[in-house]
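Novice: give me coordinates for this.
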Amino acid sequence: MSCAFARTLMPPSAVPLRVSVVMPTKNRPQFLVDAVRTLLDQTAPPDELVIVDQSDDDEGVRRVAALVAGVRAPRRPQLVHVLDRAINGAAAARNAGFDRATGDIVVCCDDDVLAEPTVIERLLAHYRLAPEYAALAPVITNYPPPSVVRRIYRAMFCLGPFRDERQPVYWFWRRYPTPARVPVRMFTGAMMSFRRAALDGLRFDARYRAASVGEDIDLCWSLGARGARLAIATDTHIVHNKAPRPAVRPEAAQITSWAFLYDKHVHKTASARLAFAWYVTGITLAAVGLAVRERTWAPVGSALTGILDVFTDYARTTFLTPRRDKKARRVPLTASTRR
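Specialist: Okay, the predicted model is just below:
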């Protein structure tokens, strides 16, 4: 969809939507500069750029300020660069950015994302065409499809609330030759956008800390509990060059992150309890298979650690703060979010 075509979709009397981009970052100045450069090159550049920086030095502050200063005034976004080493993790950083963002549309963008030049313009076109949607996200075009065996595993063990409908849109994005909005229950945190009005009183859960897992889904499910509708806009494309994370086994994080979401959001019906038990069973069986193939007990140990974390309120998990009040209120999923 060309820029000219996108403009034809917008009612001529539509009030312009101001866009704020919130970007958390920590000790990755080159990633940050590359990501910001793609935002400044947008056909519809953001009105406001809020960088929440947890870095050990101010290199990112200086380099981003120079980049923004080099943009001609009509296209130059207002820059808000917060350098605060006390902020712990992407979820807390995004919350700090939400508190400062003033745009009608708030775009969360990670510092390892490269956005195609028309992403913001096309998102705005979708928001104007579909006011019923509270949140939209782009397609991630560099997530390769998994093997057939892995897809069969997902079909068998990821059922009910644990079904992830985002991934097939990413894997097979070329199947959408014309602009469309694919309804989903969750986004990937690499880039996601929200009407600021929909975020009223809503933030990422404060229990997420450090390099957290699942905070993007948690926020989306909280929106869904309010009746909000979410979709992936298939003509908006980004590349997510996942920055390196510490080399750890994934099984524990998979179990604990989904267990937290299940505990907080899902009605404990018999089918939901069975779906959760079946999901954990699938991870455990896969871990056993990997242990046999790799001749190490590490995968099984990781899965058992995740199960233990669930029963100890995530006390040993690096990305969740144990809940002091175990009777804290849980927000169940709506019927539309549970499907």
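
Novice: now the end-to-end length of stretch 222-231.
Specialist: Taking Cα to Cα, to the nearest Å, stretch 222-231 runs 15 Å from one end to the other.

Novice: also stretch 132-151?
Specialist: Per Cα to Cα, stretch 132-151 runs 32 Å from first to last residue.

Novice: and what of stretch 172-181?
Specialist: 14 Å.

Novice: list the buried ones in it?
Specialist: By neighbour count with 16 or more other Cβ atoms under 10 Å, stretch 172-181 contains the buried residues 173, 179, 181. (C-beta placed from N, C-alpha, C; glycine too.)

Novice: burial count for the spatially closest residue to D84 that is not a sequence neighbour?
Specialist: Counting by Cβ to Cβ, 6 or more residues apart in numbering, Q54 is the residue found nearest to D84 once chain neighbours are left out, at 6.7 Å. The number of residues packed around Q54, counting by other Cβ atoms under 10 Å, is 21.

Novice: so Q54 makes contact with R28?
Specialist: No. Q54 is beyond contact range of R28, at 10.2 Å (criterion: Cβ atoms under 8 Å).

Novice: residues in contact with the nearest residue to F172 once chain neighbours are set aside?
Specialist: Excluding the flanking residues, the one nearest F172 by Cβ to Cβ, 6+ apart is P145, at 7.0 Å. P145 sits next to 151, 171-172 when contact means Cβ atoms under 8 Å, 6 or more residues apart in numbering.

Novice: where in the chain is pLDDT low?
Specialist: Low-confidence segments of the chain (pLDDT under 70): 1-14, 245-247, 323-339.

Novice: now do the strands in the chain.
Specialist: For the chain, strands defined by DSSP state E occupy the ranges 19-25, 48-53, 78-83, 105-109, 113-115, 135-140, 181-184, 191-195, 230-240.

Novice: using a markdown table, lay out the ones you listed together with distance to I307.
Specialist: Shown next, in a markdown table, are these (distance: least, Cβ to Cβ, whole Å):
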| stretch | distance to I307 |
| --- | --- |
| strand 19-25 | 30 |
| strand 48-53 | 34 |
| strand 78-83 | 38 |
| strand 105-109 | 31 |
| strand 113-115 | 33 |
| strand 135-140 | 30 |
| strand 181-184 | 28 |
| strand 191-195 | 30 |
| strand 230-240 | 30 |
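
Novice: among these, which comes closest to R209?
Specialist: Closest of the strands of the chain to R209 is strand 19-25, at 12.7 Å (criterion: Cβ to Cβ).

Novice: what are the contacting residues of the closest one?
Specialist: 31-32, 35-36, 39, 44, 46-55, 60, 77, 90, 93-94, 97-98, 101-111, 120, 124, 196.

Novice: adjacent strands (with direction) for it?
Specialist: Next to strand 19-25 in the sheet, as set by DSSP bridges, lie strand 48-53 (parallel), strand 105-109 (parallel).

Novice: quick check: closest non-adjacent residue to G301.
Specialist: R249 (7.6 Å).

Novice: which phi and psi values does the residue nearest in space to the middle of the chain adopt?
Specialist: By Cα atoms, centre = their mean, the chain has its centre lying nearest to G189, at 1.4 Å. Main-chain dihedrals, G189, degrees, to the nearest 10: phi -70, psi -10.
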